[in-house]
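Engineer: Have a look; sequence and predicted model below, questions after that.
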Amino acid sequence: PPLPPPPSSASLAGPPLAATSGGGSAGRGRQGKGGEYEDIGDEQDMHLAREKLKTFLSGRSDGVALALQKAKDWSKYSKDLISYLEKRCQLEQEHARKVAQLCKSTIENISDHSDLGCHGPATMLLKEHSEIASRCVEFCAGPTHYVRTLPLNDFKTKHEKLRKSLKELWAKESKRVNDNASHLAKTKTKYLQLAQDWERSLLTRRKEETSRYRLKLDKRVKEELDIRQKLEDARRSYRSAIRTSGASLEELKVTREKILSQLTDSMLAGSRAVKEVLAQYQSEEIKCLSPGLENLMRLEKATEVHRPAMCTLEGVLNASQKMEHIDVTAAHQPATFEPHELAVDAAAFLSEMGEINRCVPAGPTSTSTSPVPSPHTARRQTAMAMDMKQQRGDLHAFIKHAVPSKCRHCKHACYFQAVSCTKCGIVCHRKCTELLVLRCKSSESEKPQRGSGVFGNSLAAQFCDLEKGVPIIVARITEALEQRGLQTKGLYRISSVKSRVEKLCADFESDPRAVDVEDVDVHTLAAVLKLYFRQLPEPVVPPEHSKWFLQVAAERTAAHGDAAVKKKCVEKTRQLVERLPPVNRATLVHILCHLRRVSDHSDVNMMKPSNLGIVFGPTILRTDTGSLDSIIDMPNQTVMLELMINHCAEIFGRFIPQGDELLSGPTSPVPDDPQHPDDPMSPMSPASPTSPGAMFSSDGSAVETDAVLLGAVSLPPPPPPPTSADSPSPATAITTTTTTPAAAAA
């Protein structure tokens, strides 16, 4: 009969076991002419499948590649089955051991409660579960499992070895056929080329023989003979290459049939091995579980006829006969309060203080009476209450402390793990709070005095250098950096070691005048200075002044390099600086002059005014750090600080000491002449366009010169003149001349 159509490639993906109709050995079959299945044996089934596979694979040009791919799938398939069986046995064995142990311990625990309901069925159920677990452990034992999976393991090993060898053989034969085909193509090309050359030489020789003089006849004959000999050699090589290529093709066909036959037999053998292993596994598992199932069915019937209520009643009656009868009512009587009697001395001391006896309960049943205390006794009780309150108040109330300080217990620097007491103000490490022996002194005399702190205190509350009028830490660090740090690459940009920064901060916090900064690293000094400005509760330029600086910076940015606008912005910045508080102004002048000296060496330290503006702008002109405006203002802060650094001499010329190198540049302003304040061209003259008096009148209102000079930006009114207590030092004092519009016009 004609063979059925070849199966598709998808039908070869799964194992042959998927076509079985039952678990028996004769469960496989083929469909007859009438549509009924005829039972055939496994051998006939294998033979029929082998012939169909060979026919199908032989009829395809990629039959070998398809067979090798399916052989590889069979290797992975068998490997996955073996891995599943091994892991399942391990898990079942571990689970069975735990179940057996649990049953054993539960039986021991309930053995003392035999008089309770359903004790017998529960014990039998636990014993049966223990036996089932024991049989599972034997079923999943190592040798038994190895014997059970041995056919599949043998097949996997042999099949993988055969697949690899056949794959190498096919690759080798295919390479030889390709090489012979390439050699044949080359010899054919050479033969055709020489044949054309010989044809041309024959025509040339014939033409020469028919000519009249025959001058080149010998040469043409020699050329024709040479080409003829080469053509004979090429023809022989071409015929030899044809024979070699044909032989290699025949050998490839034989090898192809051999590979297809062996791979087909190996895959069918794998299906037989899988069937054998699964059938044996299922039969042994049924044998292992069937006794337990039968016993469980018997236990189910025994549990249905059990009477748990009667067993519970019988157990309680038996237990009551064994227990001794005790009258609880007679054993326990109502309790009464039995007071403790104080000693004679203690009772006398209580009477002297006017206190009542705390050992006697207060209430209507108490027979004791409270004497009315005398005025002396009342004062004594008040004093004792205050002493007790003070004793309760000697405990510290610690909170997180973010300012570099020195621990009062271990005397080491503390910053990131520091805490401070809200009452007395002492600072220590979090781990040192349990070891601290100092009591909390919450009185005003024990709190830190004004000016005793460096980090976290305002500029006005710190000790300042008498000569420069700036905080001591700022003066000392900038002086040290200008002496040996201006040539350091990345100054104020490269960070320092955390432990060194904490130690130097603690030293400055203890005594800023006694700190030795000569041997301290340059980057450590720069990091401490930046940290100091960040820890200020109010920035160097207060928030009520910084908004005017930022407006000038915005105008400078919008001008796009206009020289006239730039000059106006410089003049406005100079006037805004004059209106700062004395300490803030002196600190700003000092730090900006220092940054100008740093930028003068930017070819070495790589810190240009723009870079320094990025570092110090958000700190010196800091706004509200908790709002979005602080991020929006950062470009203007950078631009303003860069403007003040570039035009340091023009903006701060009045506050820089005479003879300073910053005033010797070409852009430095003309120094003020104190002997002629009324000179119209003097900067201090009331009629001068750059003097404070010309900008604002005595009542704070702007005059006509303000609109001409300041443009669209309105400056704040000048602050009131400083009192004697708040007057700045002679080095930083500014004499502000206030005149009326009439005086200015005169």
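Structural biologist: Structure received. Numbering: from 1, shown residues only.
Engineer: what bits of the stretch 1-150 of the chain have low per-residue confidence?
Structural biologist: Scanning the stretch 1-150 of the chain for pLDDT under 70 picks out the ranges 1-42, 115, 117, 142-144.
Engineer: Let me see the ranges of the strands in it.
Structural biologist: Under the criterion DSSP state E, counting those that start in this stretch, strands of the stretch 1-150 of the chain are mapped to 29-31, 37-39.
Engineer: The stretch 151-300 of the chain too?
Structural biologist: Listed in chain order (using DSSP E, counting those that start in this stretch), the stretch 151-300 of the chain turns out to have no strands.
Engineer: Might you list the low-confidence residue ranges for it?
Structural biologist: Across the stretch 151-300 of the chain, the stretches falling below the confidence threshold (pLDDT under 70) are 292-293, 295-296, 298-300.
Engineer: Report how many residues lie close to residue 614.
Structural biologist: 18 (other C-beta atoms under 10 Å). Yep, even glycine has a C-beta here, placed from its N, CA and C like the rest.
Engineer: Kindly provide the distance from it to residue 525.
Structural biologist: Applying C-beta to C-beta, to the nearest Å, one obtains 20 Å for the distance of residue 614 from residue 525.
Engineer: got it, and residue 114?
Structural biologist: When distance is defined by C-beta to C-beta, residue 114 is 86 Å away from residue 525.
Engineer: and if you look at residue 256?
Structural biologist: The span separating residue 256 from residue 525 equals 84 Å under the rule C-beta to C-beta.
Engineer: So for these two, which sits in the more crowded spot?
Structural biologist: Between residue 256 and residue 525, counted using other C-beta under 10 Å, residue 525 has the larger neighbour count: 23 against 18.
Engineer: and the host helix or strand of that one, what does it pack onto?
Structural biologist: According to DSSP states H and E, residue 525 maps onto helix 522-535. For helix 522-535, the helices and strands in contact under the criterion 3 or more C-beta pairs under 8 Å, 6 or more residues apart in numbering; DSSP states H and E are helix 472-484, helix 498-510, helix 609-620.
Engineer: got a list of contacts for the helix or strand just after the shortest one?
Structural biologist: Toward the C-terminal end, the helix or strand that comes next after helix 609-620 (DSSP H and E) is helix 629-632. With C-beta atoms under 8 Å, 6 or more residues apart in numbering as the test, helix 629-632 has contacts from 618, 622-624.
Engineer: Would you tell me which one of those residues comes nearest to residue 194?
Structural biologist: Nearest to residue 194, judged by C-beta to C-beta, of the contacts of helix 629-632 is residue 618 at 87.4 Å.
Engineer: just checking, the closest one touches residue 636?
Structural biologist: No - with contacts counted by C-beta atoms under 8 Å, residue 618 stays clear of residue 636, the gap being 10.3 Å.
Engineer: Tell me which of the helices and strands packed on helix 522-535 sits nearest to residue 96.
Structural biologist: Set against residue 96 and scored by C-beta to C-beta, the helices and strands packed on helix 522-535 come closest in helix 498-510, at 58.3 Å.
Engineer: out of the helices and strands packed on helix 522-535, which comes closest to residue 77?
Structural biologist: For residue 77, the closest of the helices and strands packed on helix 522-535 is helix 498-510, at 60.3 Å, according to C-beta to C-beta.
Engineer: now that closest one against helix 522-535, angle please.
Structural biologist: Using axes from the mean of the first three to the mean of the last three C-alpha atoms, to 10 degrees, the direction of helix 498-510 lies 60 degrees away from that of helix 522-535.
Engineer: Report the inter-axis angle for helix 498-510 versus helix 472-484.
Structural biologist: Compare the direction of helix 498-510 with that of helix 472-484 by the same axes, to 10 degrees and you get 130 degrees.
Engineer: Give me the contacts around helix 498-510.
Structural biologist: Contact with helix 498-510 is made by 403-406, 412-415, 453-455, 473, 514-515, 520-521, 524-525, 527-528, 531, as judged by C-beta under 8 Å, 6+ apart.
Engineer: Are any of these buried, and if so which?
Structural biologist: Neighbour counting with 16 or more other C-beta atoms under 10 Å marks 403-406, 413-415, 453-455, 473, 515, 520, 524-525, 527-528, 531 as buried within the contacts of helix 498-510.
Engineer: JSON lines please, covering the helices and strands packed on helix 522-535 and showing distance to residue 73 and mean pLDDT.
Structural biologist: Output for the helices and strands packed on helix 522-535, formatted as JSON lines (distance: least, C-beta to C-beta, whole Å; pLDDT from 0 to 100):
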{"stretch": "helix 472-484", "distance to residue 73": "75", "mean pLDDT": "91"}
{"stretch": "helix 498-510", "distance to residue 73": "61", "mean pLDDT": "88"}
{"stretch": "helix 609-620", "distance to residue 73": "64", "mean pLDDT": "92"}
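Engineer: export these to TSV and tack on distance to residue 565?
Structural biologist: As requested, these are arranged in TSV below (distance: least, C-beta to C-beta, whole Å):
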stretch	distance to residue 565
helix 472-484	32
helix 498-510	41
helix 609-620	19
